[in-house]
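Next input, structure requested:
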Amino acid sequence: MDFTLTPEIEDIRMRIRDFVAEHVIPLECHPGNFDHHGMISEAALAGLRIKAKAEGLWALQTPTEHGGAGVGFVGMAACYEEMARSPFGPVVFNSAPPDDGNMMLLEKVLPTAELKDIWLQPIIDGKVRSAFAMTEPMPGGGSDPSAMLTTAVRKGDVWVVHGRKWFITGAEGAKHVVLVARTSNDQRKGLTAFLYNADQPGAHIERRIPIMGPEEHGGHCEIVYDGLEIPDENRLLEVGDGLKITQIRLGPARLTHCMRWLGMAKRALEIAGEYVRERQSFGAS
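Model (predicted):
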């Protein structure tokens, strides 16, 4: 298998590397550029996003017709590694989780241009953030989605949701949320996915769960559903296709997360190497 990058992808990769080195990494030296959770502050982020978009380094994972770069999976792997040389990097280019994975999912499964304009385009444009609500506390669905306990019961043209999700990345401040809930007891077709606006009644954030940072914007939250009503028109694919939605959403995420971690790890080794070369101990270098 040939993993040689095309000249176009190599050009984007190097431009991202230069952008991160020139504009992003220097911000790490000043505490004022961090928010309370160890991520880049909104004030510092805004200017960088304008620059990244102006240089055509925006939403690499989305098609060009929607305003992204459309680089494909190989291109994403190479470019995500360069972005993540700084923890601030991915969000600058609008290629950070969970938004990047949600963009890829919605681009694939929303059936009409009208729905994409409503739910997808604002995320691509950086006007709103999103979340993917799947994981639940014990004994609910964690790594095994088939154990999901959150339910969506159909009443006419509306689905009524009750349950609890937690460790939902980016939930605080997200506007568009993808929700996976149980709609039957069928082992293979028991889950269904929906879209809802975070400001709808019947859903609230119980808490923001502390983790070892830095955190993505919006943290990792616990969400309680107590009668959230979702119109059937906001259902993704067919009733019972919720597991398919999770596979479409999470498959590429395994690639993107790994490449971001690889970029961070490489830079960490470079920093450690520089320190080892300069370190003095017991009178010797």
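
Tell me how far stretch 79-99 lies from the chain's centre.
10 Å (CA atoms, centre = their mean, to the nearest Å).

Let me fix that, I meant to ask about stretch 194-207.
Worked out by CA atoms, centre = their mean, stretch 194-207 lies 18 Å from the chain centre.

Same question for stretch 135-146.
Distance, centroid of stretch 135-146 to centroid of chain: 20 Å (CA atoms, centre = their mean).

Distance-wise, check the closest residue to residue 263 other than its chain neighbours relative to residue 40.
Once flanking residues are discounted, residue 263 sits nearest to residue 84: 3.5 Å by CB to CB, 6 or more residues apart in numbering. C-beta coordinates here come from the backbone N, C-alpha and C atoms, glycine included. The gap separating residue 84 from residue 40 is 13 Å, by CB to CB, to the nearest Å.

Who are the contact partners of the residue nearest to residue 263?
Residue 84 is in contact with 90, 259-264, counting by CB atoms under 8 Å, 6 or more residues apart in numbering.

Per-residue confidence at it, what does it come out as?
pLDDT recorded at residue 84 is 96.

What is the most widely separated pair among the contacts of residue 84?
Taking CB to CB as the measure, those span a maximum distance of 12.7 Å, between 90 and 262.

Helices of the stretch 1-150 of the chain, start to end?
Ranges of helices in the stretch 1-150 of the chain, per DSSP state H, counting those that start in this stretch, are 7-19, 42-54, 72-83, 89-92, 99-109, 113-115, 121-124.

pull the CA atoms of stretch 139-146 into CSV?
What follows is stretch 139-146, C-alpha atoms only, in CSV (Å, rounded to 0.1, in the frame of the first residue of the first chain):
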residue,chain,number,x,y,z
PRO,A,139,-25.0,-0.1,34.1
GLY,A,140,-25.8,1.7,30.9
GLY,A,141,-24.0,1.8,27.6
GLY,A,142,-20.3,2.5,27.8
SER,A,143,-18.0,0.6,25.5
ASP,A,144,-21.0,-1.7,24.9
PRO,A,145,-23.7,0.5,23.3
SER,A,146,-26.1,-2.4,23.4
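
Residues contacting it, please?
Stretch 139-146 has contacts (CB under 8 Å, 6+ apart) with 134-136, 147-150, 163-164, 180, 187, 190-191, 242-243, 246.

Greatest separation within those: which pair is it?
Applying CB to CB across the contacts of stretch 139-146, the maximum distance is between 164 and 187, 22.0 Å.

the more surrounded of the two?
residue 164 (16 against 8; other CB atoms under 10 Å).

tell me the SS of the more buried one?
strand (DSSP: H, G, I helix; E, B strand; the rest coil).

Surely it is in contact with residue 150?
Yes: counting by CB atoms under 8 Å, residue 164 does reach residue 150; the two are 6.6 Å apart.

what do the two both touch?
Joint contacts of residue 164 and residue 150 (CB under 8 Å, 6+ apart) are 136, 140, 225.

Tally up the residues packed near the second one, please.
The number of residues packed near residue 140 is 19, by other CB under 10 Å.

what about the nearest residue in space to it that is not next to it in sequence, neighbour count?
Residue nearest to residue 140 in three dimensions, not counting chain neighbours: residue 149, with 4.1 Å by CB to CB, 6+ apart. By other CB under 10 Å, the residues close to residue 149 number 16.
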